[in-house]
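Asks: Everything below, folded, please.
(chains A and B)
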2 protein chains.
Amino acid sequence: MKTPICEQYGIDFPLFAFSHCRDVVAAVTNAGGFGVLGGAAYTPEQLDQELTWIDEQVKGKPYGIDIIVPAKFEGKGENLSGRQLSDRIPDEYKAFIADLLAQHDIEPDEKPRLGSAMLAGSNGEQLLEVAVAHPIRMMANALGVPPDYMIKSGKDHDIPVAALVGAKEHALKQVAQGVDLIVAQGTEAGGHCGEVSTLVVVPEVIEAIDNAVPVLAAGGIVTGRQMAACVALGAAGAWTGSVWLTTEEAETAPHTVQKMLAATSRDTIRSTGRTGKPARQLISDWTDAWRPNDTGHPTLPLPLQSMIAEPTLRRIDKLAATGHAGAQALSTYFVGQGVGLMNKVKPARDVVFEFVEDYIAAAERLGGSVSD
Amino acid sequence: MKTPICEQYGIDFPLFAFSHCRDVVAAVTNAGGFGVLGGAAYTPEQLDQELTWIDEQVKGKPYGIDIIVPAKFEGKGENLSGRQLSDRIPDEYKAFIADLLAQHDIEPDEKPRLGSAMLAGSNGEQLLEVAVAHPIRMMANALGVPPDYMIKSGKDHDIPVAALVGAKEHALKQVAQGVDLIVAQGTEAGGHCGEVSTLVVVPEVIEAIDNAVPVLAAGGIVTGRQMAACVALGAAGAWTGSVWLTTEEAETAPHTVQKMLAATSRDTIRSTGRTGKPARQLISDWTDAWRPNDTGHPTLPLPLQSMIAEPTLRRIDKLAATGHAGAQALSTYFVGQGVGLMNKVKPARDVVFEFVEDYIAAAERLGGSVSD
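Replies: Numbers count the residues shown, from 1 in each chain, chains lettered A, B, ... in the order given. I've put the predicted structure just below:
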């Protein structure tokens, strides 16, 4: 394929693959797509190691990084320590979690501590400094408007800045802010997501920003035919995440992989139970315990909810890996509704090639409907 | 276009248009699509009149009807009168509505009565008898598995039976039941809908039923590019509803049309506040007053909720039409997320032609991405 975005990013196929796993990033890039490393959870030193490894694997082929710097969060601008933030978590929440764990034969949790995934709010700038010393070809912010230092760094180093949006109003704001690539993400996406579906938000965003920058489609895309559908809508390509979780390279825990392979598209929920912001994930006793379902407990704002949720969920995952039934019932993972179409573990390279084949078949199907 | 479904249904373009308005049905059919009259709210005599009028307009061109016979509802099998059903509505609900109305400067409602939209549960068979005396080319049930008498009537009269589904499990059940056409409907659809998005549920359903019957895509589709996207996914065509509500022919109240033109895709909600089953509609003070939002009042099961809601909402709509501010704040209407892309009142015929043009452009866009 030789579309403008392929030329601009130096790729064969406009399939962007977000993953926390460097092996997936390198495999996708080497197969002709564009790997994007989710770098938010690393220390600057760790990120440097990961990117060095990727550089060795991809030998100059293009890849990018994604950090998560929330535009708004509890305590923002107040310069609070983790200690001060944790004082804002009512004791009643700790008791509720201890209860929930006890109901699942798990000892009460230790003292709540800050979930590392949210640390990028404070060390995002350092991560970015590390990243631009590597030959990255894109930097993305997955949660709201990119911070000023990212926009500036992108301009200084001539690296496109991408941002995820779930509504046209956000896309307009991002373009005004100087973003070079919009990822319009539907409600079916794994992780933080809005309420509007991919089929609606993609054309709505494209129309709103009037070709100011290219738009990638995201949300629920785990096959080439869905990617083709989005290109028919006007998208320049697809941004994917969930589909890489069940690849051979991914570091997804085996019990989570099994849950995903067995899941239908109705086994996910957009829940605030993990981070305090609505994020799609596997339905579990954990997501059942928190709103929005009628009987659930209210949640705290970002990052307080992840401060109490993440350390506990990590303990739960460790226990679940040992076969603990209660922990397996509680364990959840960010994944989109496309999980219903993810039914086999495959190498990431094969996923890319199947995307290409399926994309071409879909283009022929649509073309055939008008030419006959 | 000459796809198998066009041949089978005798149409030029596989765009199926559900509407309560006979003018829309006739206009779409006459423009080369397939109009489907929503017949559930009529008496048998009224339906006969409507279909006679359509017959005169379309002169043998194909159209269909849709009735709503819920597979499950409160009191089903108990053979209850409206009076007995209404005894199951707690007084507290009547008080809650009276309060809500008072807050909006509206006098308390009269005694609750059965919402006519749900009457098809009891008179669906009569409606169908009337319909098959007309040259209908499809009969659909919009809510769950079609009743046995519909399947039988379809076979007896050689008329395809269609059913709407929001999940692959339901599609499998429908096909086993003998349905001839599946409408796979995403969560972005107006009215009763499931939780899975169109982009995911369409390929999931197609894969699950393994080409046993054709699948139309529904949910959020208000443009030709979205229809093309669904054909790229493997759908045989599109089933639409919302887009006809802002056509010149539609009987939508002017204040509702104005709300729809102004709405973005985020101005709808999947609420149980109208019928007791989740149904997507415009966000209003009415939908705010009921769950699933955190502060809302719990709702009753189908049809009890519509028994209390429909007569009140009809009063509200009448008041809203006079410019009553409180009534306008409460007034809502079933519509999908595609409302964000509905920005102009047009003749239904023009909508069909714009769909065709936009569809062809989308096919060229996708084709161009692989041929260059």
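Asks: Where does pLDDT dip in the stretch 251-372 of chain A?
Replies: By pLDDT under 70, the low-scoring segments of the stretch 251-372 of chain A are A:292-294, A:372.
Asks: What residues does it have near chain B?
Replies: Listed as neighbours of chain B in the stretch 251-372 of chain A under the rule C-beta under 8 Å from any C-beta of the partner chain: A:264-266, A:291-292, A:294, A:298, A:336-338, A:340-341, A:359-360, A:362-363, A:365-367, A:369-370, A:372. Just so you know, the C-beta spots here come from the backbone N, C-alpha and C atoms, and that holds for glycine as well.
Asks: and if we set it to 7 Å?
Replies: Contact residues (C-beta under 7 Å from any C-beta of the partner chain) of the stretch 251-372 of chain A with chain B: A:264-266, A:291-292, A:294, A:337-338, A:340-341, A:360, A:362-363, A:365-367, A:369-370, A:372.
Asks: Drop anything exposed from these.
Replies: A:264-266, A:291-292, A:337-338, A:340-341, A:360, A:362-363, A:365-367, A:369-370 (16 or more other C-beta atoms under 10 Å in any protein chain shown).
Asks: Of the residues you listed, which belong to helices?
Replies: Counting by DSSP state H, the members of those that fall within helices are A:360, A:362-363, A:365-367, A:369-370.
Asks: Apart from its chain neighbours, what residue comes closest to the residue of chain A found nearest chain B?
Replies: When distances are taken as C-beta to the nearest C-beta, chain A reaches nearest to chain B at A:A229, 3.7 Å away. Using C-beta to C-beta, 6 or more residues apart in numbering or on different chains and skipping residues adjacent in sequence, the residue nearest A:A229 is B:A229, 3.7 Å away.
Asks: Any stretches of the stretch 51-200 of chain A with poor pLDDT?
Replies: A:71-72, A:79, A:109-122.
Asks: near chain B, which residues of it?
Replies: So the stretch 51-200 of chain A meets chain B at A:167-168, A:186-188, A:195-200 (C-beta under 7 Å from any C-beta).
Asks: mind running it again at 6 Å?
Replies: With C-beta under 6 Å from any C-beta of the partner chain as the criterion, the stretch 51-200 of chain A comes near chain B at residues A:167, A:188, A:196-200.
Asks: Give the buried residues for stretch A:178-186.
Replies: A:178-186.
Asks: where's the residue of chain A closest to chain B, which helix or strand?
Replies: helix A:224-233 (DSSP states H and E).
Asks: continuing past that helix, what's the next helix or strand?
Replies: Counting by DSSP H and E, what follows helix A:224-233 is strand A:237-240.
Asks: Using CSV, list the CA coordinates for that next one.
Replies: Extracted in CSV, the C-alpha atoms of strand A:237-240 (Å, rounded to 0.1, in the frame of the first residue of the first chain):
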residue,chain,number,x,y,z
GLY,A,237,-5.4,3.7,9.0
ALA,A,238,-6.0,1.9,12.2
TRP,A,239,-4.7,2.2,15.8
THR,A,240,-4.9,-1.1,17.6
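Asks: Show me what it is packed up against.
Replies: Using 3 or more C-beta pairs under 6 Å, 6 or more residues apart in numbering or on different chains; DSSP states H and E, the elements in contact with strand A:237-240 are strand A:15-19, strand A:215-218.
Asks: nearest to B:F18, of the ones you listed?
Replies: Closest to B:F18 of the helices and strands packed on strand A:237-240 is strand A:215-218 (C-beta to C-beta; 26.7 Å).
Asks: now the closest one: how far from the chain's centre is it?
Replies: With C-alpha atoms, centre = their mean, to the nearest Å as the basis, strand A:215-218 stands 13 Å off its chain's centre.
Asks: Can you list the strands that it pairs with?
Replies: Strand A:215-218 pairs in its sheet with strand A:181-185 (parallel), strand A:237-240 (parallel), by DSSP bridges.
Asks: Contacts for the first one, please.
Replies: In this case it means strand A:181-185. A:160, A:162, A:164-166, A:171, A:201-202, A:205, A:213-216, A:218-219, A:239 (C-beta atoms under 6 Å, 6 or more residues apart in numbering or on different chains).
Asks: Thanks again, I'm all set now.
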